[in-house]
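J.: Only the shape, not the letters, is given here:
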């Protein structure tokens, strides 16, 4: 990774840069706008304003215009965004970046037809509740010291916060959802090269043809039109990821772990020392949060970084085209046009859409082809439909090893696969479904060809979809012990809600799996809705009581593989929660600062795994609860301690 000199960075600073609440969203209008009102995607590569003698001077404007979240000739929305004076309006807004010690002088002009309240143009850390109101057509001056180094953002709103049933929604989610931009304060000295990615999320109201549409993007584009990234194996990569949206986003990296260097909000940032940095494959970014991360790819090939909520990456959620000439402030949506034309060619991993970055990792050197290691384990993973019945289809995953066949008791979710670190393994996925499938080995660091993403792979080896009646052999050698997941990565959303997933445990050499003391709880859902009420644990909507023995130390492995569920998991009731001790996340041991006893309460989102030590000391019953964080729907179970 390259570091920029202080002088070089100073030169760069002078560059001028170009859901529970869904039903509450008021109508957002669409309109045709002149070409000069076009809003462009901002890849956060150029810095706004001019830095001279320690003062950053920048002129920002709040405007409205048309934005193309996908192809430049594709569907368009009429939204609000920031722009720099005499330059294009941008999504996200112009990048404000400066070294510590800078004084910022910003002039902000509101060119909208309604008042706006601006937040985040202040010294860091700051007060998140303080905003400056700017009436339509007026300007305000902001002069302040930049403050502490960190990853922040500035933003504005033209609507009032929404009072939903269970919470007040602070982040804008209408046309003003795009009124924000990155605000980065660098520490003194050489600056480590990085990239900045800003997540966006907006809800478009229903019309005569379309239901409510959720539009998501990264740096102003929705996959497959997000910027493709290219790196070299062994390269140290640093990203800053900003989530100014109304939703949480579990951001998952394929093929490698990443280290979380800092977490923050638009006003504060907490950096972690080397020994206290958490390694993850999925970090949940809460609404209004920021993250700085660092990772090093070791395997060449095509990889993904994406939100793990299926609704934010499904090709079914592509942006429809609209037409109409309603004004922005109108309460009537424009009429819909189902035409969805793009002139830009989509290639490769295109059964996804939305919050996805495609990453190509090239090998740092020519590596001769090596002989495949002798395979010590050969397992078949057989996927087949269950007999018709119930509200939604379910599927059975069975494991076959030699003459032994293993399936979960009710075949409603896959059985746990137990492997050993350092032991070469070959798993043949056999598809007995009527639709194609694929299996992703979530959290494992393996060859891209076996990662399970259709269209991925490396070189001439392109990962195929496993067609009905066909099979695919995945070969890998687990290089770390921990709790992982296998799950479908197919475009068909019913496969994930139908149970094509399971826990994957990797043990250290010499360890044996004790199913009595090593308990796995896999959270799922029987539909693909964010407002699901059909929560499952280990495939069941009415799980049987779990039997524990008093005084015995257990390892609880908690996994969330529900398609779109942010789950609140709890052991014990609100008055008397039990105590456990966190020990691992995503298959990696936790840093010391996080290894401590706490109440057995956990917020866990799709794609995350957690390991806890739990020792019940009193006989009796312990309530087990999994709650949907959005609508508070609950699954209730219990633990019986003897």
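T.: Yes, it's here. Small disclaimer: the values here were computed from a predicted structure and weren't measured.

J.: where in this protein is pLDDT low?
T.: 1-36, 207-210, 322-348, 365-373, 388-390 (pLDDT under 70).

J.: Recalculate using a threshold of 80.
T.: Scanning the chain for pLDDT under 80 picks out the ranges 1-36, 164-167, 205-212, 317, 320-350, 364-375, 387-391, 408-411, 576.

J.: quick check: longest strand of it.
T.: Criterion DSSP state E: the longest strand present in the chain is strand 55-67.

J.: What residues of it count as buried?
T.: Neighbour counts over strand 55-67 (16 or more other C-beta atoms under 10 Å) mark 56, 58, 59, 60, 61, 62, 63, 64, 65, 66, 67 as buried. (C-beta placed from N, C-alpha, C; glycine too.)

J.: Run through the bridge partners of the closest residue in space to residue 42 that isn't next to it in sequence.
T.: Nearest non-adjacent residue to residue 42, counting by C-beta to C-beta, 6 or more residues apart in numbering: residue 90, 3.9 Å away. With DSSP bridges as the criterion, residue 90 is bridged to residue 40, residue 82.

J.: would you turn the buried residues of strand 55-67 into TSV with distance to residue 614?
T.: As requested, these are arranged in TSV below (distance: C-beta to C-beta, whole Å):
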residue	distance to residue 614
56	51
58	53
59	57
60	52
61	55
62	51
63	54
64	54
65	54
66	54
67	49
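
J.: just those residues now: which is nearest residue 259?
T.: Proximity of those to residue 259 (C-beta to C-beta) peaks at residue 56, which lies at 29.8 Å.

J.: Distance check, the closest one against residue 106.
T.: Applying C-beta to C-beta, to the nearest Å, the value for residue 56 to residue 106 is 8 Å.

J.: Identify the contacts common to those two.
T.: Both residue 56 and residue 106 are contacted by 49, 96, under the criterion C-beta atoms under 8 Å, 6 or more residues apart in numbering.

J.: burial count for the residue lying closest to residue 307 once chain neighbours are set aside?
T.: Closest residue to residue 307 apart from its sequence neighbours, by C-beta to C-beta, 6+ apart: residue 355 at 3.9 Å. The local packing of residue 355 (other C-beta atoms under 10 Å) involves 26 other residues.

J.: List the contacts of residue 517.
T.: 552, 553, 554, 555.

J.: Swap in 6 Å and give it another go.
T.: residue 554 (C-beta atoms under 6 Å, 6 or more residues apart in numbering).

J.: which residues touch the closest residue in space to residue 145 that isn't next to it in sequence?
T.: Leaving aside its chain neighbours, residue 145 sits nearest to residue 123 (5.0 Å; criterion: C-beta to C-beta, 6+ apart). Contact analysis of residue 123 by C-beta under 6 Å, 6+ apart lists 144, 145, 147.

J.: any idea how far the last one is from residue 185?
T.: From residue 147 across to residue 185, the span is 6 Å (C-beta to C-beta).

J.: Same question for the first one.
T.: Between residue 144 and residue 185 the distance is 12 Å, computed by C-beta to C-beta.

J.: Same drill for the two, tell me which one is more crowded.
T.: Higher neighbour count among residue 144 and residue 185: residue 185, with 23 against 15, using other C-beta under 10 Å.

J.: and the helix or strand that one falls within, which strands flank it?
T.: Using DSSP states H and E, the element containing residue 185 is strand 180-186. Note on strand 180-186: by DSSP bridges, its sheet partners are strand 93-99 (parallel), strand 150-157 (antiparallel).

J.: Next, the angle strand 55-67 makes with the shortest one.
T.: It stands for strand 93-99. Here the directions of strand 93-99 and strand 55-67 differ by 160 degrees (axes from the mean of the first three to the mean of the last three C-alpha atoms, to 10 degrees).

J.: partners of the helix or strand that strand 93-99 is followed by in the sheet?
T.: For strand 93-99, the following helix or strand on the C-terminal side (DSSP H and E) is strand 103-110. According to DSSP bridges, strand 103-110 has the following sheet partners: strand 55-67 (parallel), strand 139-145 (antiparallel).

J.: I'd like to know how many residues surround residue 509.
T.: 9.

J.: List phi and psi for it.
T.: phi -60, psi 140 (degrees, to the nearest 10).

J.: For residue 90, see how far away it is.
T.: The value you get for residue 509 to residue 90, if C-beta to C-beta is used, is 53 Å.

J.: The helix or strand where residue 603 lies pairs with which strands, and in what direction?
T.: Secondary structure assigned from DSSP H and E places residue 603 in strand 601-605. Its sheet considered, strand 601-605 pairs with strand 566-571 (antiparallel) by DSSP bridges.

J.: Buried residues in the strand it pairs with, which are they?
T.: Per 16+ other C-beta under 10 Å, strand 566-571 contains these buried residues: 566, 567, 568, 569, 570, 571.

J.: same check, this time on stretch 513-533
T.: 518-530, 532.

J.: Straight-line length of it, end to end?
T.: Start to finish, the residues bounding stretch 513-533 are 33 Å apart (C-alpha to C-alpha, to the nearest Å).

J.: before we move on, back to that, turn the buried residues of stretch 513-533 into TSV, including secondary structure and distance to residue 160.
T.: Formatted as TSV, these follow (DSSP: H, G, I helix; E, B strand; the rest coil; distance: C-beta to C-beta, whole Å):
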residue	secondary structure	distance to residue 160
518	strand	50
519	strand	46
520	strand	45
521	strand	40
522	strand	40
523	strand	35
524	strand	37
525	strand	32
526	coil	36
527	coil	32
528	coil	31
529	coil	27
530	coil	23
532	coil	29
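
J.: Out of these, flag the one nearest to residue 603.
T.: residue 523 (11.6 Å).

J.: and the residue nearest to residue 69 when sequence neighbours are not counted, backbone torsions?
T.: Distances taken as C-beta to C-beta, 6+ apart place residue 222 nearest to residue 69, at 4.6 Å, with adjacent residues excluded. Phi and psi for residue 222, reported as degrees, to the nearest 10, are phi -110, psi 130.

J.: re the thing from before, among the buried residues of strand 566-571, give me the pair with the biggest separation.
T.: 566 and 571 (18.2 Å).

J.: ok now the longest strand of the chain, how far from the chain's centre?
T.: 28 Å (C-alpha atoms, centre = their mean, to the nearest Å).
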